[in-house]
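[1] give me the fold of what follows.
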Amino acid sequence: MAGPILVFDSGVGGLSVVRALRHRLPEAALAYACDNAMLPYGTREDAWLVERIHAVCLAAVAASDCSALVVACNTASTLALDVLRECLAIPVVGTVPAIKPAARLSRTRHIGLLATRATVARPYTLQLIRDFAADCRVTAVAADVLVGETERLVAGETPKWLTLHQALTPLWEDAELDTVVLGCTHFPLLAPWLIEAAPRPVTWVDSGEAIARRVSHVVTRITPRQGKEPSFVTAPDERLGRRLARFGFGYPRLLQPL
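    Residues are numbered from 1 along each chain as shown. Modelled structure (predicted):
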């Protein structure tokens, strides 16, 4: 029988993809792995990250006996998808900022990209803009601080309103901006707070639905859910374990990447 679908992220951001997968494939067994020992990825060197992502994902795939791997992290996807696909016999689904759907939705042709510093600066992201939003003005905002606010939220704390307001402020300089891409998988978990912090209504777009749709196409045999599902971390964290339980996962086991 096929194994669970494994969702991987550096932290809890992949839980927004878990939420999308639960909606689209409610019967499917999932597993979750996060490299919380090395969070955040965006501040680390690319070559080191490729080796680290490769090692953690291989350990998590072996431990979960999964049928597919979802790399629910923009940084990891832009760096390590090819490496992972070369060494794994299972489907590997990556994550990219939702520039294409945002450009389709924008009426004013001015969209915002809210992402981490690493994602904003990646050549891959710039190419997405050239390919799918060439006729749009794109205001890119590096908001690494929102990763920490998401981690706080999942740990049971309330996001800091001042931090949210300051992170979003560059988006509102032009009243024509009407669509915002949540270009980090952490950020959709903050969506209710981001919407409330915005001074005017805009369309918020993330990649979760597109990822879930892609997974439904590449995974041909679904393992049904049965009780608590496996989760894995690279550093012990009791609060994280309690929060993962809210998403249907059992207490996380410790991974030891080679």
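[2] any idea which element Leu128 lies in?
    Using DSSP states H and E, Leu128 sits within helix 123-132.
[3] show me what the helix or strand just after that helix is in contact with.
    Scanning forward in sequence from helix 123-132 by DSSP H and E, the next helix or strand is strand 137-142. Under the criterion CB atoms under 8 Å, 6 or more residues apart in numbering, residues 99, 109-117, 120-121, 125, 129, 167-168, 170-171, 173-174, 177 lie in contact with strand 137-142. Placement of C-beta: from N, CA and C, glycine included.
[4] give the rounded mean pLDDT of stretch 70-89.
    Stretch 70-89 carries an average pLDDT of 94.
[5] for it, list every residue counted as buried.
    For stretch 70-89, burial by neighbour count (16 or more other CB atoms under 10 Å) applies to 70-81, 84, 88.
[6] reformat the residues you listed as TSV; add secondary structure.
    TSV is the format used below for the buried residues of stretch 70-89 (DSSP: H, G, I helix; E, B strand; the rest coil):
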residue	secondary structure
Val70	strand
Val71	strand
Ala72	coil
Cys73	coil
Asn74	helix
Thr75	helix
Ala76	helix
Ser77	helix
Thr78	helix
Leu79	helix
Ala80	helix
Leu81	helix
Leu84	helix
Leu88	coil
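[7] which strands or helices does the lengthiest helix in the chain pack on?
    The longest helix of the chain (DSSP state H) is helix 46-64. For helix 46-64, the contact count by 3 or more CB pairs under 8 Å, 6 or more residues apart in numbering; DSSP states H and E identifies strand 5-9, strand 30-34, strand 68-71, helix 74-87, strand 231-233 as packing neighbours.
[8] turn these into JSON lines, including distance to Ala191.
    Shown next, in JSON lines, are these (distance: least, CB to CB, whole Å):
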{"stretch": "strand 5-9", "distance to Ala191": "17"}
{"stretch": "strand 30-34", "distance to Ala191": "20"}
{"stretch": "strand 68-71", "distance to Ala191": "20"}
{"stretch": "helix 74-87", "distance to Ala191": "17"}
{"stretch": "strand 231-233", "distance to Ala191": "23"}
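[9] drop anything exposed from the contacts of strand 137-142.
    Buried residues within the contacts of strand 137-142, counting neighbours by 16+ other CB under 10 Å: 99, 110-117, 120, 125, 129, 167-168, 170-171, 177.
[10] looking at those residues, which are in strands?
    Among the buried ones among the contacts of strand 137-142, the members falling in strands (DSSP state E) are 110-115.
[11] closest one of these to Val93?
    Using CB to CB, Ala115 comes nearest to Val93 of these, at 19.1 Å.
[12] what residues go with each domain of the chain?
    5-95+209-254, 99-206 (automatic domain parsing).
[13] great, nothing more from me.
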